[in-house]
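> have a look at this fold, sequence not included:
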């Protein structure tokens, strides 16, 4: 046996050590960054009994959330007879007739879709555009009563929609904003803007102030430091805020019901109009429901990583 | 190039009991490397940030050159600053970071590229120009931060503990590089650190601060040879000066039964205070093992290779004891528990008031 054949024990040991160090580092990094918290599952550290309980609870929650959605999507592809039959059926020949029906024969969904996109999109864009400077100001200023101001802003988000509908209706009627897209946008801003300010302000608070101080010393005005340094580093926050505002406005029914008319009705209103005295068209209702839910689910998925960061506030590192 | 003047500059944070910086008076000469040093919370960073315009000045004034800048915005002061954690913009490349100020100033693209390349060559970071800060090591980031300051060719460099995030070895080499670079560029520099070795090795002059008050500002040599008070004496030099308390008579101070002779004017000054004790200042390197002198019971010996530090206790007679550190030869150090005698160089004995800590005599 030659020397070359013997495995070098020292080398093996050092390789093993290296791996341990590597593993430790990975472990440390998962611990340090809440953004990656989902990877080191809390299940790793709990006993079997607790594990089973957690899995069962999670499973129930998942069923509770997903079954209605899945059923709605399935039903939207079922022939009308299969939907109303007493026996729930899993096997059927899928049909697009309900979707087709939404766009034909007196049902013109396109304007509703356009109204929804315009009202929700505009209000989300405006919320971010106005919320970013406001949130930045709130995060960086050192005025007295800052925390009270901050709380007051978010507290306006807590008011029930029913409480503001009537006063807003009277104001909108004066201003001729009833049944207009700007009216809806404005109405959505009542709940989106405070939310955007509050969320973005916490994103800005998490940025190290030295970055902007450096920009100030390097010749920036406050606005330029915000524009060239703080804003680009808060991209995850901006996207998260935009998507959440979009979802809130997109899903609104109460404001749209009161303020909109033929020129501004949104998708949720269209859905409600399918419930008539002549009966409920379940197929089309499910189709329109799917139509409303899917884009927001896709938007949520697209920014999922940032969304988690945004919702576990305080986790932004600016990298 | 410019001079800097702090004229009774004061910063009092709202709600704080004492000012963070209290009536700072300091002149920095054109091209000088001035180090602000002191323990944490002494006001050195606040002083620097007031000069940068990042902190309000509550009282007094600050001048850069002939201009008063007390209430000017940071951007109007023509200064460049290196931050403790470098504050590199994570979303920009190294070149983008270094050229940012020039872009903000509306400088021509080709000239920006030229200046950035020159600075990068000077700091040997040319190969990293396209990388993002997070792809760099700590030392490289530090150099990028320096580069960002250099390209602007400002009147003043401000540095806020720029080496504190580096490991010990890199720190000492970078220390020398920064000092050399500053001398080469000749730009007036104010440098903040809590590390007295950095202060003593880098500064033309060193300003020692404590509790918001300037204690002494002088060359490293003068600080070492003639500290103005017990705080400065204990802060400069490594290991720190021994400052035992001792009774005194007409001949000098008495330490463990041995008389440490002191000049008459020192003793007269101590007497004039009405005190019965004073603090004797003896640097570890002013002490040596001898056949006679102060009796010392050795507690611990630290071997440093070239030398050894001998920590011990002096019994002052009245049940009290004082600690002394003696620098000794590393080849023949005493052992722990041993009783030795310590001699001292009489011309290197300092004395401070036990009441105020001020230097006694000349």
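Thanks, I have it. Keep in mind that this is a model prediction, so the values were computed, not measured.

> around chain B, which positions in the stretch 1-150 of chain A sit nearby?
Counting by C-beta under 8 Å from any C-beta of the partner chain, the stretch 1-150 of chain A comes close to chain B at no residue. C-betas here are computed from N, CA, C, even on glycine.

> ok, now with 10 Å
By C-beta under 10 Å from any C-beta of the partner chain, the residues of the stretch 1-150 of chain A that approach chain B are A:142, A:144.

> any stretches of the stretch 1-150 of chain A with poor pLDDT?
The stretch 1-150 of chain A contains residues with pLDDT under 70 at A:1-46, A:89, A:105-107.

> what segments of it are strands?
With DSSP state E, counting those that start in this stretch, there are no strands along the stretch 1-150 of chain A.

> so where do the helices sit in it?
Secondary structure of the stretch 1-150 of chain A (DSSP state H, counting those that start in this stretch): helices at A:9-32, A:48-76, A:80-84, A:97-103, A:109-140, A:146-155.

> reformat these as JSON lines; add distance to residue A:270.
Shown next, in JSON lines, are those (distance: least, C-beta to C-beta, whole Å):
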{"stretch": "helix A:9-32", "distance to residue A:270": "46"}
{"stretch": "helix A:48-76", "distance to residue A:270": "14"}
{"stretch": "helix A:80-84", "distance to residue A:270": "19"}
{"stretch": "helix A:97-103", "distance to residue A:270": "8"}
{"stretch": "helix A:109-140", "distance to residue A:270": "4"}
{"stretch": "helix A:146-155", "distance to residue A:270": "32"}
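
> which among those is found nearest to residue B:177?
Between residue B:177 and the helices of the stretch 1-150 of chain A, the shortest gap by C-beta to C-beta is with helix A:9-32, which sits at 30.2 Å.

> now the strands for the stretch 51-200 of chain B?
B:59-64, B:67-68, B:79-82, B:156-160, B:188-193.

> and residue 238, how many residues sit next to it?
All of this is about chain A. Number of residues near residue A:238 (other C-beta atoms under 10 Å in any protein chain shown) recorded here: 21.

> my question was about chain B
Neighbourhood size, residue B:238 [other C-beta under 10 Å]: 11.

> now residue A:206
Close neighbours of residue A:206, defined as other C-beta under 10 Å, add up to 18.

> thought it was touching residue A:139?
Yes. Between residue A:206 and residue A:139 there is a contact under C-beta atoms under 10 Å: 8.6 Å.

> which neighbours do these two share?
Shared contacts of residue A:206 and residue A:139, defined by C-beta atoms under 10 Å, 6 or more residues apart in numbering or on different chains, comprise residue A:234.

> got the contact list for residue B:143?
Neighbour list for residue B:143: B:86, B:94, B:119-120, B:122-125, B:128, B:136-137, B:150, B:174, B:177-178 [criterion: C-beta under 10 Å, 6+ apart].

> could you measure from it over to residue B:85?
As for residue B:143, its distance to residue B:85 is 15 Å (criterion: C-beta to C-beta, to the nearest Å).

> with residue A:148 instead?
With C-beta to C-beta as the criterion, residue A:148 and residue B:85 are 32 Å apart.

> so of the helices of the stretch 1-150 of chain A, which one's packed in deepest?
helix A:109-140 (a mean of 20; mean count of other C-beta atoms under 10 Å in any protein chain shown).

> quick one: distance of it to the chain centre.
How far helix A:109-140 lies from its chain's middle: 13 Å, per C-alpha atoms, centre = their mean, to the nearest Å.

> run the angle between it and helix A:146-155 for me.
Angle of helix A:109-140 versus helix A:146-155, following axes from the mean of the first three to the mean of the last three C-alpha atoms, to 10 degrees, is 170 degrees.

> got the contact list for the residue of the stretch 101-250 of chain B found nearest chain A?
Of all residues in the stretch 101-250 of chain B, the one sitting closest to chain A is residue B:101 (3.7 Å; C-beta to the nearest C-beta). Counting by C-beta under 10 Å, 6+ apart, residue B:101 touches A:214-215, A:217-220, B:75, B:80, B:107, B:112, B:148-149, B:151-152, B:154.

> what does residue A:198 give?
Residue A:198 is in contact with A:131, A:134-135, A:138, A:150-151, A:153-157, A:241, A:313, counting by C-beta under 10 Å, 6+ apart.

> make CSV out of the strands of the stretch 51-200 of chain B and add mean neighbour count.
Formatted as CSV, these follow (neighbours: other C-beta atoms under 10 Å in any protein chain shown):
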stretch, mean neighbour count
strand B:59-64, 18
strand B:67-68, 14
strand B:79-82, 27
strand B:156-160, 25
strand B:188-193, 26
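
> residues near residue 168, how many?
Went with chain A since none was named. 19.

> wrong chain, I was asking about chain B
Neighbourhood size, residue B:168 [other C-beta under 10 Å]: 7.

> just residue A:223 next, same as before
Residue A:223 sits with 10 neighbouring residues when counted by other C-beta under 10 Å.

> which element is the residue nearest to the spatial centre of chain A on?
Using C-alpha atoms, centre = their mean, the residue of chain A that lies closest to the mean C-alpha position is residue A:244, 3.5 Å off. Using DSSP states H and E, residue A:244 maps to helix A:235-250.

> around chain A, pick out the residues from the stretch 101-250 of chain B.
For the stretch 101-250 of chain B, the residues in contact with chain A (C-beta under 10 Å from any C-beta) are B:101-106, B:132-134, B:145, B:148-149, B:152, B:154, B:158, B:160.
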